[in-house]
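Trainee: dropping a prediction and its sequence here:
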Amino acid sequence: MTRLNIAELAPEVYAAFHQADQLIRKGPLGATIRELVKIRSSQLNGCLYCIDLHTHEALRLGEKPDRIYQLCAWRESELYTEAERAALAYAEAATRQPDDVSDEVWDAVAAAFKPEEAAYLVTQVAQINLWNRVAAPVHKGPPKRS
């Protein structure tokens, strides 16, 4: 059961978080990469609500189920592009230890993305980590589906 409803109790803050999310969506980073890094960071953070939300969003956008199934072991999978691999490596590094993203990880991002895209990747990973840190501690659960 949810401990707090942040949207109701801090509506201005929640609206600002949501607005930032909408701005990131309008940027040059592709929807596939956005959803993959959201799911992977949410897996690492143990945020059930965000894992569920972004898995369903990725499927709605046309993502293949096998790529979602294999996301937790993406390094071993052959289903991801080099750009997706760079984004996922960055998402994992920035989620686990944000002050220790290696040069190797960053160089892969710089090789795979234009600077503006890389900026949106950084902000997307930061944003999903923010959402995870809002939803997970208050035990926000996914909707019940049949």
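Mentor: Ah, there it is.
Trainee: tell me the centre residue of the protein?
Mentor: Nearest residue to the geometric centre of the chain (C-alpha atoms, centre = their mean): K38, 1.4 Å.
Trainee: looks like that one contacts N129 (just checking).
Mentor: No: checked against C-beta atoms under 8 Å, the pair K38 and N129 is beyond contact range at 9.8 Å. From N, CA and C alone the C-beta is placed, and that goes for glycine too.
Trainee: now for the residue nearest to the centre of the chain: which residues touch it?
Mentor: 50, 54, 124, 128 (C-beta atoms under 8 Å, 6 or more residues apart in numbering).
Trainee: now for the second one, how many residues are close by?
Mentor: Looking back up the chat, that one is H54. Neighbours of H54 under the rule other C-beta atoms under 10 Å: 25.
Trainee: next, the contact list for it, please.
Mentor: H54 makes contact with 35, 38-39, 42, 128, according to C-beta under 8 Å, 6+ apart.
Trainee: next: the last one.
Mentor: Listed by C-beta under 8 Å, 6+ apart, the contact partners of I128 are 37-38, 41-42, 50, 54.
Trainee: Three-state assignment for it, please.
Mentor: helix (DSSP: H, G, I helix; E, B strand; the rest coil).
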